[in-house]
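Engineer: Need the 3D shape of this:
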Amino acid sequence: MAISEAVVLAAGEGKRLRPLTYTRPKCMIELAGKPILAHVLENLASAGVKTAHVVVKYKKETITEYFGKNPISGLKLNFIEQGAKYGTAAAFGEAEKHVSGAFFGVAGDIITEASALKKLAYSHSGEVSACLKSVDDPSEYGTAIVQNGKIASFEEKAKHPKSALANCSLYTFEQSIFEKIKKIKPSSRGEYEIIDLLKGATAVEISEYWLDMGMPWQLFSANEFLLSKMPEKREGTIENSTIKGKLILEKGAIIHDSYIEGTVYVGKNTYIGPHAYIRGTTSIGDDCGIGDSTTLKNSIIFDSVNAKHLTYIGDSIIGENCNFGAATQIANFRFDSGSIKAKVNDVVIDTKRNKLGAIIGANTKMGVLSSVMPGRIIGDGCWVSAGVVVEENVERKTHVQLKQNLVHRKLEG
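Structural biologist: Sure thing, here's the model as predicted:
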């Protein structure tokens, strides 16, 4: 069936993605040149949606201001603020007075393909339908047990799941769902959960790409997928440079005397060069300066980042308006070639990656000759002084200095 309306949940912060989400909601993290939410809305438009009701709360102005300046072609946006109640069901419930028929209900931070939404619409029956996808490690997800094409029950991150079908947070609802939402009781964590209404829902298994990003390093996979779908574009200026691979170059960007290989996105008015080396799958935002003998490898760089002299940034995510002093080095590989561990919200997690640099929040300044060990997280608004080796996470708005024991001796003669 054709579905022309959607309710998009974009009210959450994304605490496990701190420090990136200290300055923006999770759905506004930029991948492949635009926020995650923009990719979600474009998919909805491609699937036939004409009006999207976007439920906002945390740093809502970040969302409304961006889409005020960057509308989605063919899609009307209606912003609704979530009230005092928390949880997915409470968020969907805010749209009751706004939708007029069957609608998509989607999370605003899910990366997938428009074809998955089209399949969901085509397969919809009954009051609720839900997308499910078979995953390699179901213990990391909420999973559904399906019987005769219907969802019989759910397990939430079970150690030994009975099913490998992850809940994709992509639904279709009939308008009658709102009366049932009103009757949901808060969960043990005090939230109103939409999964309480999914028992008996039509199960729609998808094979398309799907990713619910819970950890910062999962952004690399999403960025790679999104860039793979984008056509090559060279609207900026290329001067005396070597380009090998796919380059997506926005207007006003300049690449001068540099070497680019891999799949690389360069945002508007960014200047690269001279002698910069950009490789791997890398996204660079607007108004950045990547300069003399700086190397970027397989990284996600937000807007207004400057790394102009002899800097190495590998397998890292850098928030907006960061500055790297000359010869800043971000290590991304252990001596023993082992899996890199990262500490997220005081919990040490095995990233299952043998290449991972740093996650650095917005407005942080790195001093000359500073360096960062693999898998470290540096908060927003930090100063890391010259010569510091960052061996552990740095909390937001912290100044890290190196104390030297200098010895001065008079020279004879």
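Engineer: In the stretch 51-200 of the chain, mark out all the strands, start to finish.
Structural biologist: 51-56, 76-81, 103-107, 110-111, 128-134, 142-147, 150-156, 165-173 (DSSP state E, counting those that start in this stretch).
Engineer: Let's have those in CSV, adding mean neighbour count and distance to E5.
Structural biologist: Just so you know, the C-beta spots here come from the backbone N, C-alpha and C atoms, and that holds for glycine as well. CSV is the format used below for those (neighbours: other Cβ atoms under 10 Å; distance: least, Cβ to Cβ, whole Å):
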stretch, mean neighbour count, distance to E5
strand 51-56, 23, 5
strand 76-81, 15, 10
strand 103-107, 25, 4
strand 110-111, 23, 18
strand 128-134, 23, 15
strand 142-147, 19, 25
strand 150-156, 16, 23
strand 165-173, 25, 10
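Engineer: Of all these, which one comes closest to R396?
Structural biologist: strand 51-56 (23.1 Å; Cβ to Cβ).
Engineer: who does the closest one pair up with?
Structural biologist: strand 5-10 (parallel), strand 76-81 (parallel) (DSSP bridges).
Engineer: right, and M230 touches I248 too?
Structural biologist: Yes - contact criterion Cβ atoms under 8 Å: M230 and I248 qualify, at 5.5 Å.
Engineer: May I have the beta-bridge partners of I255?
Structural biologist: Applying DSSP bridges, one finds that I255 bridges with I238, I272.
Engineer: Near it, how many other residues are there?
Structural biologist: I255 is flanked by 28 other residues according to other Cβ atoms under 10 Å.
Engineer: contacting residues around it?
Structural biologist: G236, T237, I238, E239, S241, I243, L249, V266, I272, G273, A276 (Cβ atoms under 8 Å, 6 or more residues apart in numbering).
Engineer: Pick the one among those residues closest to D136.
Structural biologist: V266 (32.9 Å).
Engineer: Distance of the closest one relative to I318?
Structural biologist: V266 sits 15 Å away from I318, going by Cβ to Cβ, to the nearest Å.
Engineer: ok, now E250?
Structural biologist: E250 is 18 Å from I318, by Cβ to Cβ.
Engineer: okay, these two: which has more neighbours?
Structural biologist: Comparing E250 with I318 by other Cβ under 10 Å, the one with more neighbours is I318, at 29 against 19.
Engineer: how close does the more buried one get to P161?
Structural biologist: Taking Cβ to Cβ, one finds I318 at 35 Å from P161.
Engineer: and H399, what is it in contact with?
Structural biologist: Contacts of H399 (Cβ under 8 Å, 6+ apart): C382, W383, S385.
Engineer: how does it look with 10 Å?
Structural biologist: K365, G381, C382, W383, V384, S385 (Cβ atoms under 10 Å, 6 or more residues apart in numbering).
Engineer: quick one on the thing from earlier: so which of the contacts of I255 is the closest to I181?
Structural biologist: V266 (44.3 Å).
Engineer: K244 pairs with what?
Structural biologist: E261.
Engineer: which residues does it contact?
Structural biologist: So K244 contacts Y259, I260, E261, G262, V264, R279 (Cβ under 10 Å, 6+ apart).
Engineer: between these, which is closest to L310?
Structural biologist: Out of the contacts of K244, the member with the shortest distance to L310 (by Cβ to Cβ) is Y259, at 15.3 Å.
Engineer: can you tell me which residues contact the closest one?
Structural biologist: S241, T242, I243, K244, G273, H275, A276, Y277, I278, R279, T295.
Engineer: cool, and T64?
Structural biologist: T64 touches V54, V56, L77, F79, E81, counting by Cβ under 10 Å, 6+ apart.
Engineer: can you check S163 too?
Structural biologist: Counted by Cβ under 10 Å, 6+ apart, S163 has contacts 132, 134-135, 138, 141, 143-146, 151-155.
Engineer: Go through those and say which is closest to N323.
Structural biologist: Y141 (37.9 Å).
Engineer: For Q82, see how far away the closest residue to the closest one other than its chain neighbours is.
Structural biologist: Excluding its sequence neighbours, the residue lying closest to Y141 (Cβ to Cβ, 6 or more residues apart in numbering) is A166, at 3.9 Å. Going from A166 to Q82 by Cβ to Cβ gives 25 Å.
Engineer: likewise E179?
Structural biologist: Taking Cβ to Cβ, one finds E179 at 19 Å from Q82.
Engineer: One more: D380?
Structural biologist: Taken as Cβ to Cβ, the span from D380 to Q82 is 24 Å.
Engineer: now swap in I317 and tell me
Structural biologist: 27 Å.
Engineer: more crowded one of these two?
Structural biologist: Taking other Cβ under 10 Å, I317 and Q82 do not tie; I317 has more neighbours (28 against 21).
Engineer: What's the local residue count around K365?
Structural biologist: 18.
Engineer: Could you pull up the residues touching it?
Structural biologist: So K365 contacts 306, 321-325, 328, 381-385, 399 (Cβ under 10 Å, 6+ apart).
Engineer: which one of those residues is nearest K185?
Structural biologist: Taking these together and measuring to K185 by Cβ to Cβ, the closest member is G381, at 40.1 Å.
Engineer: need the contact list for the residue nearest to that closest one when sequence neighbours are not counted.
Structural biologist: Closest residue in space to G381, ignoring its immediate chain neighbours: K397 at 4.2 Å, by Cβ to Cβ, 6+ apart. Contact partners of K397, counting by Cβ under 10 Å, 6+ apart, are P19, Y22, G361, N363, T364, G379, D380, G381, C382, W383.
Engineer: In CSV: these, plus distance to S4.
Structural biologist: Converted to CSV, these look like this (distance: Cβ to Cβ, whole Å):
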residue, distance to S4
P19, 38
Y22, 36
G361, 39
N363, 41
T364, 43
G379, 42
D380, 39
G381, 43
C382, 46
W383, 50
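Engineer: Those residues: which two are farthest apart?
Structural biologist: Y22 and W383 (15.8 Å).
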